[in-house]
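In: predicted model and sequence follow; I will ask about them next.
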Amino acid sequence: MADGPHAALNTFPKLLVRNARQFGDRPAIRHKDLGIWQTWTWRRVYDETRAYAAGLSRLGLRRGDTMAIVGGNRPRLYMSVMAAQMLGAIPVPVYADAVAEELAYVLAHAEVRFAAVEDQEQVDKIISIKERLPQLERMFYEEPRGLRDYDHSRLTPIADIIKDGAEALKDAAFAKTIDDGIANGNGDDPSIILYTSGTTGQSKGVMLTCARSVQAAVDTVMFDKLTERDVALAYLPLAWVGDHYLNYAQSLVAGFCMACPESPETIQQDLREIGPTFYFAPPRTLEQLLTRVTIRMEDASALNKWLYRTFIGIARRYGEKLLNGEPVPLIGRLLYGIGRIVLYEPLKNTLGLSRVRVAYTAGEAIGPDLFAFYRSLGLNLKQLYGQTEAFLYVTAQPDGQIYSDTVGPAMTNVDLRIADDGEVQFRSPGMFTEYFKDEAKTAEVLTADGYVKTGDAGFFDEKTGHLKIIDRSKDVGKLNNGMLFPPKYVENKLKFYPNIREVVAYGDKRDYVAVMINIDLTAVGSWAERNNVAYASYQELAGHPLVYDMIAEHVAEVNKSLASETIMAGAQVKRFLILHKELDPDDGELTRTQKVRRGFIAERYAPLVTALYDGSTEADISTQVTFEDGRKGVISARVKIRDMALEPIRAPVGKAA
Amino acid sequence: MTSATTTAATNAKAAAADLVLSVNNIEVIYDHVILVLKGVSLDVPRGGIVALLGANGAGKTTTLKAISNLLHSERGEVTKGSILFEGEEVQDLSPNELVRRGCIQVMEGRHCFGHLTIEENLLTGAFTRRDGNAAIRRDLDMVYTYFHRLRERKESQAGYTSGGEQQMCAIGRALMSRPKMILLDEPSMGLAPQIVEEIFEIVKDLNGKENVSFLLAEQNTNMALRYASYGYILENGRVVMDGDAKSLTENEDVKEFYLGIAEGKRKSFREGKHYRRRKRWLA
Amino acid sequence: MTAPYAEIVPNAASAARSGRIGDRLLSVENVSLSFGGVKAITDVSFDIRKGEIRAIIGPNGAGKTSMLNVINGFYHPQKGRITFRGKTRSKMRPFEAAYGGIARTFQNVALFRGMSALDNIMAGRTLKMKRSFFWQLLRYGPALREEVEHRKFVEEIIDFLKIQDIRRVQVGRLPYGLQKRVELGRALAMEPDLLLLDEPMAGMNVEEKEDMSRFILDVNEHFGTTIALIEHDMGVVMDLSDRVVVLDHGIKIADGTPDEVKANQAVIDAYLGVAH
Amino acid sequence: MFYREAGQFKTSYEADESVFPIRQDRYGIAIILLLAIVGVPLLASEFLISSFFVPVLVFSLAAIGLNLLTGYTGLLSLGSGAFMGVGAYACYKLTTFFPDANIVLMILLSGFAAAAVGALFGLPSLRIKGFYLAVATLAAQFFLSWCFVRVPWLYNYNVSGAIEVPTRAMFGVPVTGPNATPTTRYLVALGIVIVMTWLASNLIRGRIGRTWMAVRDMDLAAELIGIKLYRTKLLAFAVSSFYCGVAGAMMVFLWFGSAEPDTFNINQSFFILFMVIIGGLGSLVGSFFGAIFIWGAPIVIKTLPYYFDIAIAAATVEHLTFMILGALIIFFLIVEPHGLARLWQIGKQKLRVWPFPY
């Protein structure tokens, strides 16, 4: 597998050594701190992580040990990943916002001996679950604030470890053991364990090896021609495969700079300052961005509103064609040119996207309108399809072959096939080796001939040959009348409306499809303002009859659209309700990557599901909510249910196979 | 739905519930570019005490100033929404006219005229009135019956009285305009505990006996919820929670974030953490 | 294999604290102050020890703020002496207090309203900046280096007080509670030995008071800054202070640990109203 | 709209504290400088240069001087006209004493005389503030005006009581006096103004500017952080008078060519004060706006009738100009009490967030 120019460079630490040599004075990491962008060059990153690794080795971190990394996008935490890898230890990043319960599971399951954490908050969280972590010996922290009075016998500031390591490295013999360790890194050794937060069941530790990870990143770096001149904003959760891949792995391979935002609240502003050239955002983020644009434009002066409407219209007509290099009449080019000056470029500028060369979205289906909006502005937004088990990429859209309803052809060196039952299966350079300590699950997912089962149903588009994803294959169900019910398909159609934030659809083995809806507070709040609907809280807004009317219109439109599609016609929504609270990962209703856990929600909101199917017009619900510190509270509400008229099916009824 | 019919609907709502004040979906922008309030709505029933709670910068003072039309001095303006006082739109009235109609604001930081005596200060509050000296004298007496301390100090220059007395003077001065409703901004700020209690008792008294409605912005959530019948919590320029005082007092989030109570007991200020628990506004 | 992670728990902070409190830093002896015959302070004596947090409480108009004004030289007492770091004086100008290491915040916030938060805090560094007028004129070389060096220091304070997002905002526009934070920042920029805080928590909700308490404790514990504060929130006073002096009508009516003061009948009558 | 700030980030405090942190602003200022240095001499007529550009430069500098005192330090002064006079007369005396010295150097040196006199008359500011201080500076104005008339030594005992600018050359090119071309005088004035504006911007962004503003905003607190009020205020008076003095010298040597004693009377002081208020207190760029507006608006108003071929008597035009200018000033102050600089700032902010309203 490890052919070509990178043959010897089969681990990330080796790549770092190369980068320190090749791009020594170029920026590797930036971090907005103390008012400016503090910058680490590749050489400095190398020096610091090497000292860090030396310090860790003196504290007893050994090859094969696991070390948890808990926190946000901080340079020192990325360096923690690297330092562990330098010693052949395996970093295990954990979501910073994981509640104590989740944290306890992952840390115990991964048997971590050490944990590098961000701040007091994470330290407290780990202390609160210490009884369940007998293997944990030591914690390292980045931000000392508030930790001064803690017992430091097993708690060390990362800065101190680095200092200690740097001191120890003055001993040439010791330095050689560290450097030899890096040079002799084995490509087949585990590189990292990423815990997936599945939509069903407990999370699994996906083990990725060094050489495979590097190879996967090399392929995509070449695919998008990323170079050391590129810049990315590292704002996605550290523990998510996307962040580890797009920022960590790719920046090491290409030598580009990754910028860490000041805080989660300032991402938008930091994005604007840094102006990344390589950008990734899940559809949800793009959606929220567009919602905010729309809302702010509604407050604009009449002239600006007119300009916006006019030129967005022009962009819709010509923008995508221009981006795809299709022929456009001269007048179209001219108008689009004017639009660039007065609208598109300023707009991209305020959003921080002016310099973006390549942008990706993935994780969920993206609404065609949303996708087209960004592309029409001249943003080279593309879709990819992937998963943790593949080390992200399975397919990606090449420039010039972008369609909103496909996810592109197989990525370089990826073998892709559709199994007889419609399941997408792949074999890829970066694919995982096993689930940590879970042979049964591993065996379940790997085929005999070494393919990974994705669990997604899909097919190749006849025209383009690109992959189309329908749904999680095991989620696709049937209504009692035998008609097809793909829940995600229905959910996505509804979610494409900015007013709707989240949807959970039910229908498998039922008489009809019913959905629970979360409204988007920003969008609906703004709508309320325009329509003079007074409200004081989310719950009040969610239960407002006018909001129900508005959502009902959206549902009716979706039904109309479903009715026109042969095989989906049966999946029209007959009843819906608007949930009184937002679905939340802390309550286990969403995964940390914001995907709905349909089954869990069905249990939790059983009275509501029952009411959706027994004809009641309203139902009482009282749910327990978990606060971040583990406290529980209860909220109750009476939720109304709305009936919808079904569209007559215009095409012949399709029955699921 | 056209905006005319919705406005009519809000008017009808105001009439039906006998609201003395009804704020609907107001948006406030400072300096043409800074958004401070978005979609804030609140109601004050006739004869009610309503509390406006929230952190510094949440928009409490801005809301009060928007109601009493004092935003212009700070280069702010209400760009959307409507404010109804006694069922009539008042956004375009001058602060004076509003006072004449019976809605007056007592500003944060007790703005008394320092070089005037307490009594002179109180009399300045009656300048919008046209009902003769006798009536004003009567009201002065009424103010003194509520604020005993002011009677004792009526000849003192306001600048040399204590903070509590100045706050009382400011409220007393507002009373002199015979208001139907007082917007009270941070009455407890910088006052000793027993004075705070005294002032709130007087507010309650005035509310009960003179039928003055109050909308009070307060940091001292504990106090405010003890005397108010209803509360709104503002954060980042939006109402995030509302409810009657009792339900708010029992709400876990309010307890922790605004009352400083965790697990049933007061948290020590020594044990504060450097991070904040995420707020989940689930009301 | 070592024992599990049991012992990482926050220490009882008070144990560590008692060691930090040292000798007398400032003493006020028999100070009396009056304005045109009106007595503001009558024969008050107390001391502040190095490293302690000293609270001054009492009803409005008890003379607390006047006391701070006497300490940092705004008012000159008619009678009595003030000894700061062993030096006794009866009269001094406020800027001399600043040179001596006393910083101060005000009840009603005395910020430079037309300047940004950053500039306000930078102004607190004035005393530490040495470059001459002509270097300032050129803003080059040593002058620029000095400016940058102090900016770094100020950025640490901004980070410490978590006011990054209002760095460039004109302080006149900020809500009261944030102005208080900036004012604390300006005082901290002076790296004082004695920090006088006049109602640092006024106009703040519980959450903000928690933050402010954290800041005060950190300043006290990390930098060993001695703090004297006037505060009305008894919870704050009880939790933070080492000793409390109680004034009423310009007279000292009690002095002692928070618990002693809380139980003192005179204090309950004059101030607390009910036992808290 | 023209701002493309994405990707402009600061990695050092030096960069963060530069005068124009935004790249588009740097381009903007470069274009303005280029126009001023190359464009104006090439394109503008001599008449326009000597009747518009040179005066605007002179007044801008004087307005900066007053702004440093009134806008930044909060000390109201009605003596700026007199301090300009001190500069003018000092320069005149210097050229008499040192006929061979470089004239630009003389103009700058005369600022020191003004600075000394300014600091002297600034002494009352240690005790009094606001209107009272304004009255004290008024006294300075009257006293100095009196000196310009009554101390013949100042105008070399010239019978007319006026001062005549001698011809002085730099590198063989006449800079002052009747033989100097308007373009030369303009370029010299421009050079002085650019350098002194840069120095002023350095001052106000550093420690000294902060102490000034601290004194302006809250003198009690300023004292409490260790600022010595008397030094700070006197320094402000000195620097402000220096700028006014140089402006005064420039006025006589690079613009008028000669001056009567009443050139530097109280009207001049008010004229400068108008510029500062209309331009915006506490803003350097405002000083330029103020000078351009107050000097330029009458010119525009006066020439308009000619363009439209309307026959009006010169006296009527004069009266109308005063009335319209007065009305414009009131109008601007109502629309934007903080002056043109604030309008500029808001406009810029709007462009930065374009197409959004906030």
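Out: On my side now, so go ahead. Keep in mind that this is a model prediction, so the values were computed, not measured. Numbers count the residues shown, from 1 in each chain, chains lettered A, B, ... in the order given.
In: drop to CA atoms for contacts and neighbour counts, all remaining ones
Out: Noted.
In: show me the contacts for residue 318.
Out: You didn't pick a chain, so chain A it is. A:328, A:332, A:333, A:336, A:376 (Cα atoms under 8 Å, 6 or more residues apart in numbering or on different chains).
In: please go with chain D instead
Out: residue D:302.
In: helix, strand, or coil at it?
Out: Secondary structure for residue D:318, judged by DSSP: H, G, I helix; E, B strand; the rest coil, is helix.
In: the longest strand that chain A contains and chain B, any residue contact?
Out: Counting by DSSP state E, the longest strand found in chain A is strand A:632-643. Yes: part of strand A:632-643 sits near chain B under the criterion Cα under 8 Å from any Cα of the partner chain, namely A:633, A:635.
In: that strand: which residues count as buried?
Out: By neighbour count with 16 or more other Cα atoms under 10 Å in any protein chain shown, strand A:632-643 contains the buried residues A:637, A:639, A:640, A:641, A:642.
In: surely the fourth one and residue A:614 touch.
Out: No: counting by Cα atoms under 8 Å, residue A:641 sits too far from residue A:614 to count as a contact (11.0 Å).
In: close enough to count as contact, residue A:627 and residue A:586?
Out: Yes: with contact defined as Cα under 8 Å, residue A:627 and residue A:586 form a contacting pair (7.3 Å).
In: which one of the buried residues of strand A:632-643 is nearest residue D:155?
Out: Nearest to residue D:155 among those is residue A:637, at 91.6 Å by Cα to Cα.
In: ok, now which ones touch residue 146?
Out: Going with chain A. Taking Cα under 8 Å, 6+ apart as the test, what residue A:146 contacts is A:120, B:273, B:274.
In: oops, I was thinking of chain C
Out: C:129, C:131.
In: now it, what's its secondary structure?
Out: Residue C:146 ends up helix, using three-state DSSP.
In: give me the buried entries from the contacts of residue A:318.
Out: With burial judged by 16+ other Cα under 10 Å, the buried subset of the contacts of residue A:318 is A:332, A:333, A:336, A:376.
In: how far away is the first one from chain C?
Out: Looking back up the chat, that one is residue A:332. The gap separating residue A:332 from chain C is 43 Å, by Cα to the nearest Cα, to the nearest Å.
In: over to the last one?
Out: Here the distance between residue A:376 and chain C works out to 33 Å (Cα to the nearest Cα).
In: residues near the residue of the stretch 51-200 of chain B found nearest chain C, how many?
Out: The minimum distance from the stretch 51-200 of chain B to chain C, using Cα to the nearest Cα, falls at residue B:162 (4.7 Å). Under the neighbour criterion other Cα atoms under 10 Å in any protein chain shown, residue B:162 is assigned a count of 16.
In: and chain D, which residues reach chain B?
Out: D:346, D:349, D:350, D:357, D:358.
In: do that again at 10 Å, thanks
Out: By the rule Cα under 10 Å from any Cα of the partner chain, the part of chain D lying against chain B is D:346, D:349, D:350, D:353, D:356, D:357, D:358.
In: can you name the next helix or strand after the helix or strand where residue D:196 lies?
Out: Using DSSP states H and E, residue D:196 sits in helix D:182-205. Using DSSP H and E, the helix or strand that follows helix D:182-205 in sequence is helix D:207-217.
In: are that next one and chain C in contact anywhere?
Out: Yes: using Cα under 10 Å from any Cα, we find that helix D:207-217 touches chain C at D:207, D:208, D:209, D:210, D:211, D:213, D:214, D:215, D:216, D:217.
In: save those residues as JSON lines, and put in distance to residue A:261 and neighbour count too.
Out: Formatted as JSON lines, the residues of helix D:207-217 next to chain C follow (distance: Cα to Cα, whole Å; neighbours: other Cα atoms under 10 Å in any protein chain shown):
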{"residue": "D:207", "distance to residue A:261": "31", "neighbour count": "26"}
{"residue": "D:208", "distance to residue A:261": "34", "neighbour count": "21"}
{"residue": "D:209", "distance to residue A:261": "32", "neighbour count": "23"}
{"residue": "D:210", "distance to residue A:261": "31", "neighbour count": "24"}
{"residue": "D:211", "distance to residue A:261": "34", "neighbour count": "31"}
{"residue": "D:213", "distance to residue A:261": "33", "neighbour count": "28"}
{"residue": "D:214", "distance to residue A:261": "33", "neighbour count": "31"}
{"residue": "D:215", "distance to residue A:261": "37", "neighbour count": "24"}
{"residue": "D:216", "distance to residue A:261": "37", "neighbour count": "21"}
{"residue": "D:217", "distance to residue A:261": "35", "neighbour count": "20"}
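In: adding pLDDT and distance to chain A, write the residues you listed out as a markdown table.
Out: Listed next are the residues of helix D:207-217 next to chain C as a markdown table, based on pLDDT from 0 to 100; distance: Cα to the nearest Cα, whole Å:
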| residue | pLDDT | distance to chain A |
| --- | --- | --- |
| D:207 | 95 | 19 |
| D:208 | 96 | 23 |
| D:209 | 97 | 21 |
| D:210 | 97 | 19 |
| D:211 | 97 | 23 |
| D:213 | 97 | 23 |
| D:214 | 97 | 23 |
| D:215 | 96 | 27 |
| D:216 | 96 | 27 |
| D:217 | 95 | 25 |
